[in-house]
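>>> based on what follows, work out the 3D shape:
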Amino acid sequence: MGVLEDKARARVFYKYLSKAYDTINPFIWNEEMRDEALEWLDVESGDRVLDVGCGTGFATEGLLQHTDDVWGLDQSAHQLEKAFAKFGKRGTVKFHRGDAERLPFDDDSFDAYWSSGSIEYWPNPVDALREARRVTEPGGTVIVVGPDYPSSTLFQKLADAIMLFYDEEEADRMFAEAGFEEFEHHIQQRAPGTPRAITTVARVPDDTGDDASDEETTDAETASTA
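A predicted model of the protein is given here:
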């Protein structure tokens, strides 16, 4: 486990990073990359979307271009203070301080779930992905953006020491273990030679469809024996 895959350390880290976060972030995760991922999320006006690890609200700004019903959650009070400065504590966005692995929301509360630049700090990413599936309605879309695993052995050792970096094979394992059946991965990059993001687009299983099919089969069998 990387040094920042500890919630207390991550909070201290963001206490200082929050001061320069909006300046540094575009060099790693810019508007073009964000907007491309938003197209995959396919949010419609009126959809309720949860932004987990919302930070200072960079992704939140993009989500608001598609729907007014955006909820933001972050464990860092310092990051949320920056977000409050942008959107206001009583503005359109409903901000919560909380944990991705224990979301303070009911089942099926959201039409879609978004998380960018947060999974790398989750000590138990599968638990957090299960929570994403739980709070998103059946058939809804979940997008998670994290750092792609480096190809260089030296950078791999450095990455492993700091936080969670993962490749498509590991993403397959995590999402499948969390109960997702349908998902795909995209590699995004600001420019050649810059850090790569692995963006997973997953669909929450719609169990009601299977139930309906079972009921139709049972009804047909009953009719044929009547």
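
>>> tell me the spacing between the closest residue in space to residue 92 that isn't next to it in sequence and residue 89.
Leaving aside its chain neighbours, residue 92 sits nearest to residue 68 (5.8 Å; criterion: C-beta to C-beta, 6 or more residues apart in numbering). Using the backbone N, CA and C atoms, a C-beta is placed for each residue, glycine as well. In this view, residue 68 and residue 89 are 17 Å apart by C-beta to C-beta, to the nearest Å.

>>> how many residues are close by the residue lying closest to residue 139 once chain neighbours are set aside?
Leaving aside its sequence neighbours, residue 139 sits nearest to residue 206 (C-beta to C-beta, 6+ apart; 4.4 Å). Neighbour count for residue 206, taken as other C-beta atoms under 10 Å: 15.

>>> so how far is residue 186 from residue 206?
23 Å.

>>> mind saving the C-alpha coords of the longest strand anywhere in the chain as PDB?
Determined from DSSP state E, the single longest strand within the chain is strand 136-147. The C-alpha coordinates for strand 136-147 follow below in PDB (Å, rounded to 0.1, in the frame of the first residue of the first chain):
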ATOM      1  CA  THR A 136     -26.300   4.400  -8.300                       C
ATOM      2  CA  GLU A 137     -29.700   3.200  -9.700                       C
ATOM      3  CA  PRO A 138     -29.800   0.000 -11.800                       C
ATOM      4  CA  GLY A 139     -28.700   0.800 -15.400                       C
ATOM      5  CA  GLY A 140     -26.900   4.000 -14.300                       C
ATOM      6  CA  THR A 141     -23.400   4.800 -15.400                       C
ATOM      7  CA  VAL A 142     -20.300   4.900 -13.100                       C
ATOM      8  CA  ILE A 143     -17.100   6.600 -14.200                       C
ATOM      9  CA  VAL A 144     -13.900   6.300 -12.300                       C
ATOM     10  CA  VAL A 145     -10.700   8.000 -13.400                       C
ATOM     11  CA  GLY A 146      -7.400   6.900 -11.900                       C
ATOM     12  CA  PRO A 147      -3.700   6.900 -12.700                       C
END
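
>>> which positions within that strand qualify as buried?
Residues 136, 140, 141, 142, 143, 144, 145, 146, 147 are the ones in strand 136-147 that count as buried (16 or more other C-beta atoms under 10 Å).

>>> identify the residues contacting the closest residue to residue 146 other than its chain neighbours.
Nearest non-adjacent residue to residue 146, counting by C-beta to C-beta, 6+ apart: residue 119, 4.2 Å away. By C-beta atoms under 8 Å, 6 or more residues apart in numbering, the contact set of residue 119 is 53, 125, 128, 144, 145, 146, 164.
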